[in-house]
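S.K.: missing the sequence, but the structure's below:
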């Protein structure tokens, strides 16, 4: 089985007592060990890594492993270097895996990522992400050469002094050129130092996966490679905070990375940047089903591994996995809406027939999607509804649809009955009575935020509601008429 495939591999790290003791007292220095990957053993050197996710060797440490001289292989099962991440901040254990698939789907230089069961000295450490090392083998694969300089930054911008991961040129002349280009801000100088289209694709990928702890928003967890005498390219790194759970999402955080700021404020590059984001969102949406198939396949294996966990832990993992799968679909739609060209007045931006409605069935009533209609039955005066989500940029909209009251009793109070509205807004029109059909409209505005030059466009998550409130009875909603249009 491939180390970076859709399965869960087995990795065992064997350390002598002396090596373990060395890693206790000198965590960043390499110590000798034996790494057994799916039954094949190799001599390695290992050290601890991480900052906020750091744990000692006797707990669940993050590890960097490099293979001993003569042990390198072109096989994906035995790269020259790899990293073992404890997924400390990720209950699903799948964010890094999924984000790397998205980056690579978009053609952005990114290490391969897989999942493994890790033991350290026979002790079970749990499910880890195994990440391909960014070494000469990696650079040749993506750039056709490995003689340039590879830099890595943590919590500082591109213009600060980085850690140099590889390359023999210690003068930093390539960095000086890039920094001057950023400071100058002109199209020619910037284009002489960076592959503009590649930089746009990298930042678009960060936006699509919501990597808030990456370069664009936090100047953290990123690498850049400069080809000899050539241009700089970003290389993905540290994607474990992608696909954040917080809802609603927002893109209104200030763009901190100087490369992103230049692309947003330069009159020539801003249209290229925004168009690249649109193109990337389209590619991501086109590949969503394949990505979801991969993540579901691995998620099922992860959930099987939790069978021996305490019940509370199992529920936590199961919930985190489901949130991640939902985020895969919704995040792409959210970004696509935020960067889409403004629709013409009257354009349909939501179609009830093709929407995914969240149904309801409990003691208060039922809301079911039956063929081309929503059927809502209220057994008590408590609200009963079906709901769907749409992501919309600032603008003027109208939610509309045909409602049929089969038999709605509102107790002679026209404040109650069958209705449609958006969540968080009061109902403006109720339909009640027996065998009554009416077309209902619900105009609404999304004002948005006055964005500064170093902010991205934004969308809002709007929840659409079709239901019955404060009344008893049955209503139908003709989904062929349920739409959101621009005004």
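M.R.: That came in fine, so what should we check first? Predicted, not measured: the structure shown is a model, and the values here were computed from it.

S.K.: switch to C-alpha atoms for all contacts and neighbour counts from now on
M.R.: Will do.

S.K.: and the helix or strand in which residue 350 is found, which strands flank it?
M.R.: Taking DSSP states H and E as the criterion, residue 350 maps to strand 348-351. Paired strands of strand 348-351, with direction, are strand 472-486 (antiparallel) (DSSP bridges).

S.K.: quick one on the thing from earlier: and the strand holding residue 350, average pLDDT?
M.R.: When pLDDT is averaged along strand 348-351, the result is 96.

S.K.: Tell me how far that strand lies from the chain's centre.
M.R.: Its chain's average C-alpha position is 25 Å from that of strand 348-351, according to CA atoms, centre = their mean, to the nearest Å.

S.K.: Quick check: buried residues in the next helix or strand after that strand?
M.R.: Using DSSP H and E, the helix or strand that directly follows strand 348-351 along the chain is strand 360-362. Along strand 360-362, the positions that meet the burial threshold by neighbour count (16 or more other CA atoms under 10 Å) are residue 360.

S.K.: what inclination does the helix or strand following strand 360-362 have with respect to strand 472-486?
M.R.: Using DSSP H and E, the next helix or strand after strand 360-362 towards the C-terminus is strand 365-370. Between strand 365-370 and strand 472-486, the angle comes out at 50 degrees (axes from the mean of the first three to the mean of the last three CA atoms, to 10 degrees).

S.K.: and residue 428, how many residues sit next to it?
M.R.: Under the neighbour criterion other CA atoms under 10 Å, residue 428 is assigned a count of 14.

S.K.: Bridge partners for the closest residue to it other than its chain neighbours, pull those for me.
M.R.: The shortest distance from residue 428 to any non-neighbouring residue, by CA to CA, 6 or more residues apart in numbering, is to residue 442 (7.4 Å). Assessed by DSSP bridges, residue 442 has beta-bridge partners residue 399.

S.K.: Distance-wise, check residue 442 relative to residue 124.
M.R.: When distance is defined by CA to CA, to the nearest Å, residue 442 is 57 Å away from residue 124.

S.K.: Not counting its neighbours along the chain, what's nearest residue 109?
M.R.: For residue 109, the nearest residue in space outside its immediate sequence neighbours is residue 235; the separation is 5.2 Å by CA to CA, 6+ apart.

S.K.: Show me the helices in this structure, by range?
M.R.: Counting by DSSP state H, the chain forms helices over residues 17-25, 95-105, 136-143, 173-184, 187-193, 196-209, 215-218, 258-265, 269-286, 288-305, 311-339, given from the N-terminal end onward.

S.K.: pLDDT weak spots in the stretch 51-200 of the chain?
M.R.: Applying pLDDT under 70 to the stretch 51-200 of the chain flags residues 69-78.

S.K.: Please enumerate the strands of it.
M.R.: Along the stretch 51-200 of the chain, counting by DSSP state E, counting those that start in this stretch, strands occupy 62-67, 81-85, 113-120, 123-132, 149-153, 163-166.

S.K.: Mean neighbour count and distance to residue 32 for those strands - can I get that in CSV?
M.R.: As requested, those are arranged in CSV below (neighbours: other CA atoms under 10 Å; distance: least, CA to CA, whole Å):
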stretch, mean neighbour count, distance to residue 32
strand 62-67, 22, 10
strand 81-85, 23, 14
strand 113-120, 23, 13
strand 123-132, 21, 18
strand 149-153, 22, 25
strand 163-166, 16, 21
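
S.K.: Out of these, flag the one nearest residue 175.
M.R.: Proximity to residue 175 (CA to CA) singles out strand 149-153 among those, at 9.4 Å.

S.K.: so how far is that closest one from its chain's centroid?
M.R.: Computed by CA atoms, centre = their mean, the chain-centroid distance of strand 149-153 equals 24 Å.

S.K.: that older thread, for the residue nearest to residue 428, give me its contacts.
M.R.: 398-400, 420-421, 428 (CA atoms under 8 Å, 6 or more residues apart in numbering).

S.K.: Of those residues, just say which sits nearest to residue 91.
M.R.: residue 421 (35.1 Å).

S.K.: What is the neighbour count of the closest one?
M.R.: Other residues lying near residue 421 total 23 when counted by other CA under 10 Å.

S.K.: Am I right that it is in contact with residue 399?
M.R.: Yes - contact status for residue 421 versus residue 399: in contact at 7.1 Å, counting by CA atoms under 8 Å.

S.K.: How many neighbouring residues does residue 268 have?
M.R.: Residues within reach of residue 268, counting by other CA under 10 Å, total 12.

S.K.: Provide a list of residues in contact with it.
M.R.: For residue 268, the contact set (CA under 8 Å, 6+ apart) comprises residue 187.

S.K.: run the last query once more with 10 Å
M.R.: The contact partners of residue 268, by CA atoms under 10 Å, 6 or more residues apart in numbering, come to 186-187.

S.K.: Over to residue 204?
M.R.: Counting by CA under 10 Å, 6+ apart, residue 204 touches 103, 106, 108, 198, 210, 216, 273-281, 335.

S.K.: out of these, who has the most neighbours?
M.R.: Among the contacts of residue 204, the one with the most neighbours (other CA under 10 Å) is residue 335, at 29 neighbours.

S.K.: And that residue, how close does it get to residue 256?
M.R.: The spacing between residue 335 and residue 256, counted by CA to CA, is 19 Å.

S.K.: Same question for residue 25.
M.R.: Residue 25 sits at a distance of 36 Å from residue 256 (criterion: CA to CA).

S.K.: Just want to know which of those two has more residues nearby.
M.R.: Comparing residue 25 with residue 256 by other CA under 10 Å, the one with more neighbours is residue 256, at 17 against 11.

S.K.: what about the residue nearest to that one when sequence neighbours are not counted, neighbour count?
M.R.: Once flanking residues are discounted, residue 256 sits nearest to residue 217: 5.2 Å by CA to CA, 6+ apart. Neighbourhood size, residue 217 [other CA under 10 Å]: 22.

S.K.: And the one 4 residues further on, by the same measure?
M.R.: Using other CA under 10 Å as the criterion, residue 221 is surrounded by 20 other residues.

S.K.: OK, contacts around the residue nearest to residue 29 when sequence neighbours are not counted?
M.R.: If the residues on either side of it in the chain are set aside, residue 29 comes closest to residue 47, at 5.7 Å by CA to CA, 6+ apart. Neighbour list for residue 47: 19, 22-23, 26-32, 57, 61-66, 83 [criterion: CA under 10 Å, 6+ apart].

S.K.: Repeat the analysis, applying 7 Å as the threshold.
M.R.: For residue 47, the contacting residues are 23, 27-31, 63-65, by CA atoms under 7 Å, 6 or more residues apart in numbering.

S.K.: give me the beta-bridge partners of it?
M.R.: When bridges are assigned using DSSP bridges, the partners listed for residue 47 are residue 64.

S.K.: gap between it and residue 83?
M.R.: If you measure residue 47 against residue 83 using CA to CA, the figure is 10 Å.

S.K.: which residues do those two both contact?
M.R.: Listed as contacting both residue 47 and residue 83 by CA under 7 Å, 6+ apart are 63-65.

S.K.: Enumerate every residue touching the residue nearest to residue 458 when sequence neighbours are not counted.
M.R.: Spatial nearest neighbour of residue 458, chain neighbours left out: residue 338 (4.8 Å); criterion: CA to CA, 6+ apart. If you count contacts by CA under 7 Å, 6+ apart, residue 338 has them with 392-393, 457-459.

S.K.: May I ask which of those has the most neighbours?
M.R.: Of all these, the most densely surrounded is residue 459 (27 neighbours; neighbours counted as other CA under 10 Å).

S.K.: quick one, phi/psi of the residue lying closest to residue 455 once chain neighbours are set aside?
M.R.: If the residues on either side of it in the chain are set aside, residue 455 comes closest to residue 254, at 5.3 Å by CA to CA, 6+ apart. Geometry field for residue 254 lists phi and psi as phi -70, psi 130, criterion degrees, to the nearest 10.
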